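**Student:** Everything below, folded, please.
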Amino acid sequence: MRWLFDRNILENESRAVIFRYIKENPETYPQKIVRETNIGRGAVLYHLDVLLYAGMVACLKDGKLRKYRAAQKAVV
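**Tutor:** Predicted coordinates for the structure are as follows:
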């Protein structure tokens with residue numbers, strides 16, 4: 001995923017929508033993102049991985065549930 005740093009991470013429209021949703025709804029989980037944004041489950045999971053790799057979101061485990069929030073250093 002090194003290629004990600006050659007351009008703006010949020011150029012991808014779906015990824016930008018997901019990131020905005022996480023910023024507005026901290027401690028959210030993938031199924032809620034799928035339901036609220038109408039982006040497919042596979043795409044949401046892929047873009048969450050990209051955002052994690054880029055350090056823009058943090059993932060917290062709550063039992064079996066993974067919750068996401070904007071990372072402290074994410075400035076967008």
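
**Student:** And the strands in this protein?
**Tutor:** Ranges of strands in the chain, per DSSP state E, are 57-62, 65-70.

**Student:** Show residues contacting the first one.
**Tutor:** Where contact means C-beta atoms under 8 Å, 6 or more residues apart in numbering, the residues beyond strand 57-62 that reach it are 19, 22, 27, 48, 51-52, 66-72, 74. In this view, the C-beta of every residue, glycine as well, is placed from N, C-alpha and C.

**Student:** Show the contacting residues for the residue nearest to the spatial centre of the chain.
**Tutor:** Centroid-nearest residue in the chain, with C-alpha atoms, centre = their mean: L48, separated by 3.7 Å. The contact partners of L48, by C-beta under 8 Å, 6+ apart, come to 18, 30, 33, 57, 59, 68.

**Student:** in the sheet, who's paired with the last one?
**Tutor:** With beta bridges defined as DSSP bridges, Y68 has these partners: T28, C59.

**Student:** Around it, count how many other residues there are.
**Tutor:** Per other C-beta atoms under 10 Å, the neighbour tally for Y68 reads 24.

**Student:** need the contact list for it.
**Tutor:** 22, 27-30, 33, 48, 51, 57-60.

**Student:** Just the buried subset of these, please.
**Tutor:** Buried residues within those, defined by neighbour count using 16 or more other C-beta atoms under 10 Å: 22, 28-30, 33, 48, 51, 57-58.

**Student:** which of the residues you listed lies closest to E11?
**Tutor:** If you rank the buried ones among the contacts of Y68 by distance to E11 using C-beta to C-beta, L51 comes first, at 12.9 Å.

**Student:** Name the nearest residue to the closest one, sequence neighbours excluded.
**Tutor:** Spatially, and ignoring its direct neighbours in sequence, L51 is nearest to V57 (4.4 Å; C-beta to C-beta, 6 or more residues apart in numbering).

**Student:** What does the pLDDT read for that neighbour?
**Tutor:** pLDDT recorded at V57 is 95.

**Student:** For K32, see how far away it is.
**Tutor:** 14 Å (C-beta to C-beta, to the nearest Å).
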